[in-house]
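Trainee: quick one: sequence plus predicted model below, questions after.
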Amino acid sequence: MATLTAARYGKDKVRIFRVVRSPKDGEVWNDVVEYNVKALLEGDIATSYTHADNSVVVATDSIKNTCNVFAKTSPHVLHPELFALDIGLHFVKTYPHIHKAFIDIEQLKWSRIVVSKNGNPHKHSFTRDGEEKRLTSVEIDATKGKDAVTAKVTSGLSGLLVLKSSGSAFEGFVRDEWTTLPEVNDRIFSTEVDLSYTFAMPAGPLTAEGIAALQDRVKFDKTAESAKQITLDVFATDESASVQATMFKMSSEIISANPTVETVSYKLPNKHYIPVDLGFKGLANLKPADAEVFAPVAAPSGLITATVSRTH
Ligand SMILES: O=c1[nH]c(=O)c2[nH]c(=O)[nH]c2[nH]1
């Protein structure tokens, strides 16, 4: 005997680019977003797996179509959390047997070009000025009824590459017969930031009309800006004793600066840069004070993770 114990399906990698045109000073200004959307559904769908019963299947093609239509019609399309809430709420409200929707959005970076000859931001030209992505994952839950829908929102960023060439030490760690790493009071610290944070959502059911107000109440956009800036500021200015200690400072600052953030999680690879031994040429390059030439090491890397929660 075998039993289906979990089932969730939908469309992944729905690629969407949206232009929003608005009048400003007699000109047409464009805002643009590029998203990769994953939309998955749960509900009374077991028979599609166990009895080849497609009558309960909203085709993944229709799920993709829905994402595209909402990209055209949602008034919140420029705001990934609100846009994800719009799509997710639609699925649980539209299909009686769909009880949960999971909408994940990755936002690619397009920043407005500032034209150097006049210093002005351009009305419709953009540049990919970084590979980092803004992320949101929204879980819409209608298991308590279609008029009692709740939402969980987790947002963050990934792929933000940073490096500091000083201001980082690693000393005092366990030394035993397994240890070869020297203690250093100055080293390179480089990581690719993977950050996520959860929001405390207001009580009460999620409604289509209520979604717009969440931007002001929960401050998704402001939090995204603040969390990135705190990450960069603490990374740059902390006299780092370890990745662990720096990561805790970043997390704590995000929690104290953003009242609607409940938990902060970082995953930080420690991308090692090893001083190269140039002794064969009589060149000192191994001690922290001498080290100027380093070999970036692709693998292995350290991997330091933590979740920090607001104390109530
Ligand atoms: O900041 C660090 N934390 C570690 O746990 C660790 N382990 C290691 O080898 N180097 C480092 N650096």
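Mentor: Looks like it came in fine. Not measured: the values here are computed from a predicted model.

Trainee: contact residues of the chain facing the ligand?
Mentor: When proximity is defined as C-beta under 6 Å from any ligand atom, the chain approaches the ligand at Phe170, Leu181, Ser242, Val243, Gln244, Asn270, Gly302, Ile304. The way it works is simple: take the backbone N, C-alpha and C, and place the C-beta from them, glycine included.

Trainee: mind checking pLDDT for the second one?
Mentor: At Leu181, the pLDDT value in this model is 96.

Trainee: residues touching it, list them.
Mentor: Leu181 is in contact with Phe170, Phe173, counting by C-beta atoms under 8 Å, 6 or more residues apart in numbering.

Trainee: please tell me how far it sits from Pro121.
Mentor: Per C-beta to C-beta, to the nearest Å, Leu181 is found 48 Å from Pro121.

Trainee: what does the third one give?
Mentor: In this view, Ser242 and Pro121 are 40 Å apart by C-beta to C-beta.

Trainee: more neighbours: those two, which one.
Mentor: Ser242 (18 against 12; other C-beta atoms under 10 Å).

Trainee: I'd say Ser240 and Gly167 touch.
Mentor: Yes. Shown here, Ser240 and Gly167 form a contact pair, counting by C-beta atoms under 8 Å, at 6.3 Å.

Trainee: who's more crowded, those two?
Mentor: Ser240 (21 against 15).

Trainee: across the sheet, point out what pairs with that one.
Mentor: Taking DSSP bridges as the rule, Ser240 bridges to Ser168.

Trainee: so what are the domain limits for the chain?
Mentor: The chain breaks down by automatic domain parsing into domains covering 7-148, 157-312.

Trainee: quick one: end-to-end length of the longest one, please.
Mentor: End-to-end distance of domain 157-312: 26 Å, with C-alpha to C-alpha, to the nearest Å as the criterion.

Trainee: so how far is that domain off the chain centroid?
Mentor: A distance of 14 Å separates the centroid of the chain from that of domain 157-312, by C-alpha atoms, centre = their mean, to the nearest Å.

Trainee: pLDDT-wise, which helix or strand of this structure ranks last?
Mentor: Lowest by mean pLDDT, DSSP states H and E among the helices and strands of the chain is helix 211-218, with a mean of 94.
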